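Student: fold the stuff below for me.
(one chain, ligands or ions: 3)
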Amino acid sequence: MNVQSIIRNLIVETPSIPGNLAKVATAIGTIGGDIGDIKTMKIGTLSTVRDISCTCADIAQLNQIVDAINNIDDNIHVRSVSDDVMKAHEGGKIHMTSRIDVRSLSDLRRIYTPGVANVCQEIQRAPEKAHYYTSIGNTVAIITDGTAILGLGNIGPVAGMPVMEGKAVLFDQFAGISGIPILLDTSNPDEVVETVKHIAKGFGGILLEDIGSPHCFEIEERLKAELPIPVMHDDQHGTAVVTLAAVISACRYAGVELKDAVVGQIGLGAAGLAICRMLMAYGVKEVCGTDPQESALVRLRSFGGTVVGSVEETMAKCDIVIATTGVSGLIQPSMVREGQIILALSNPYPEITPEDAIAAGASYAADGRLVNNVLGFPGIFRGALNANVKSITYSMLLAAANAIVDATRNGDLVPHPLDPNVHKSVAEAVERVALIEMAHID
Ligand SMILES: NC(=O)c1ccc[n+]([C@@H]2O[C@H](COP(=O)([O-])OP(=O)(O)OC[C@H]3O[C@@H](n4cnc5c(N)ncnc54)[C@H](O)[C@@H]3O)[C@@H](O)[C@H]2O)c1
Ligand SMILES: O=C(O)C[C@H](O)C(=O)O
Ligand SMILES: [Mg+2]
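Tutor: Numbering: from 1, shown residues only. Ligands and ions are numbered 1, 2, ... in the order given. Reported below is the predicted structural model:
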């Protein structure tokens, strides 16, 4: 499979006779299409209509697949090709809803004027009660300046909104948290910090998302120091937590002692440097990395990592390679060493596909769809909000990584993101550490 790809839905009509779906699947597979979900839309006496989701390398391959299906025989037809990804985004993916029905005048008076005034005054007298009488304690701002949207680069905050809405959907579904996207039209650290500080009162936590390096480091550090609520840059720490979990599992299966392994990081931006730091905090002795930006190398050295000259050198030297560059196809199969563990985490397209890495000799390989911070950030914030903690610490992040490892089924690198247990386990682990740490401070 090509590193880059498109997803389309084929609406296919076949005679209602056994064996036809197999012919369609064979036609798709022979051209190199990857079948996802198949939904049966209609079973008629004469014909059956199915919606077949298909990942293809590009439009040319999609057209070949359509032709191949239409050429099976005169009774099998592709009725239409739809782009369900675009359709799912029509009107946006999120909507603020009320938790209370307003059916009578007394409902109106209870939840709005005049009843609400008493609640306001109660909070005025005892501000900490806002945590109980408003949604603030369960709401997280998802803040971006649009400078590192996935691996698409600096495409601006508005173009990044679909990603932010996606994070809000995941917050809601996996952790019951309201995520509110906030789009900033500045990347200047002073202005970002000032703006976030001015709006922070309405939120129980701040998730920084797809803010590029190096300005993301200063922004996060200052906000953490200056705000009394949890602040976390997802691309740094959410990613580092999930990556550590995946690496721990891969090493167990491969019989490698992680702490003694040589780990190489290709790309030392927000995600890459945080992964390096997390691995070192875990006890890995040798972490090295490469990046064209001198400032990234200076940072790596300051954290105790060593600099490697190039992608080729990193691939040749390291037992475990983690890539977060945003550059699709950067790792050539010829660079892969026998038995290497390779996590090519760039989204939407990895530095090397897991299939190509395994075919080239890697013992374990994954991309950023599988090893994704979706396994981390919802549970981390759930746990932090439950404990009403002021900040998210390294111990909480390590506990989250261990919880992900414990929730991983034997043979897998990480749990399935739709497994509700993983988010619950991460939340409980973070809350437990948060409560212990708060008890020690008190
Ligand atoms: N799977 C996940 O959960 C996850 C999480 C966060 C980020 N990511 C992905 O990681 C990528 C980077 O994200 P980020 O937030 O760290 O961005 P970033 O802009 O902060 O960092 C990217 C870094 O890669 C470096 N780089 C570019 N080309 C390179 C090359 N040829 N060799 C070595 N280094 C190179 C850049 O100089 C930069 O330092 C994106 O594609 C993003 O989607 C994935
Ligand atoms: O958004 C994702 O899929 C993961 C990560 O936050 C990224 O920026 O790639
Ligand atoms: Mg991101």
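Student: from here on, just use CA atoms for contacts and neighbour counts.
Tutor: Fine.
Student: who in the protein is up against ligand 1?
Tutor: 148, 150-151, 210, 212-213, 235, 239, 266-272, 290-293, 324-327, 345-347, 368, 371-373 (C-alpha under 6 Å from any ligand atom).
Student: these: which ones sit near ligand 2?
Tutor: Within the residues of the chain next to ligand 1, those near ligand 2 by C-alpha under 6 Å from any ligand atom are 150, 210, 235, 347, 372, 373.
Student: smallest gap between the stretch 301-442 of the chain and ligand 3, at which residue?
Tutor: residue 373 (7.9 Å; C-alpha to the ion).
Student: among the residues of the chain next to ligand 1, the buried ones, what's the ChimeraX command?
Tutor: Selection command for ChimeraX covering only the buried members of the residues of the chain next to ligand 1, criterion 16 or more other C-alpha atoms under 10 Å:
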select :148,150,151,210,212,213,235,239,266,267,268,269,270,271,272,290,291,324,325,326,327,345,346,347,368,371,372,373
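Student: from the residues of the chain next to ligand 1, which land in strands?
Tutor: 266, 290 (DSSP state E).
Student: in helices, which of the residues of the chain next to ligand 1 fall?
Tutor: 239, 270, 271, 272 (DSSP state H).
Student: tabulate those residues (CSV), appending distance to residue 418 and pLDDT.
Tutor: Rendered in CSV, the data for those read as follows (distance: C-alpha to C-alpha, whole Å; pLDDT from 0 to 100):
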residue, distance to residue 418, pLDDT
239, 17, 98
270, 26, 96
271, 23, 97
272, 25, 98
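Student: okay, now residue 200: neighbour count?
Tutor: 18 (other C-alpha atoms under 10 Å).
Student: in this structure, which residue sits nearest ligand 2?
Tutor: residue 150 (3.7 Å; C-alpha to the nearest ligand atom).
Student: leaving out chain neighbours, which residue sits closest to that residue?
Tutor: Excluding its sequence neighbours, the residue lying closest to residue 150 (C-alpha to C-alpha, 6 or more residues apart in numbering) is residue 347, at 5.5 Å.
Student: low-confidence ranges in the stretch 301-442 of the chain?
Tutor: 442 (pLDDT under 70).
Student: do that again at 90, thanks
Tutor: 420, 438-442 (pLDDT under 90).
Student: how about the strands in it?
Tutor: 306-307, 320-323, 341-344, 364-367 (DSSP state E, counting those that start in this stretch).
Student: pipe these into TSV and attach mean neighbour count per row.
Tutor: Putting the strands of the stretch 301-442 of the chain into TSV (neighbours: other C-alpha atoms under 10 Å) gives the following:
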stretch	mean neighbour count
strand 306-307	18
strand 320-323	28
strand 341-344	29
strand 364-367	23
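Student: would you format those as CSV with distance to ligand 2 included?
Tutor: Below are those laid out as CSV (distance: least, C-alpha to the nearest ligand atom, whole Å):
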stretch, distance to ligand 2
strand 306-307, 24
strand 320-323, 12
strand 341-344, 11
strand 364-367, 10
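Student: so the residue of the stretch 301-442 of the chain closest to ligand 3 touches residue 244, yeah?
Tutor: No - in this structure, residue 373 is not within contact of residue 244 by C-alpha atoms under 8 Å, at 11.1 Å.
Student: one step back: need the max-distance pair from the ones next to ligand 2 among the residues of the chain next to ligand 1.
Tutor: Comparing all pairs in these by C-alpha to C-alpha, the longest separation belongs to 210 and 372, at 13.6 Å.
Student: now do the contacts for the residue of the stretch 301-442 of the chain closest to ligand 3.
Tutor: Taking C-alpha atoms under 8 Å, 6 or more residues apart in numbering, we find residue 373 in contact with 234, 235, 238, 239, 241, 242.
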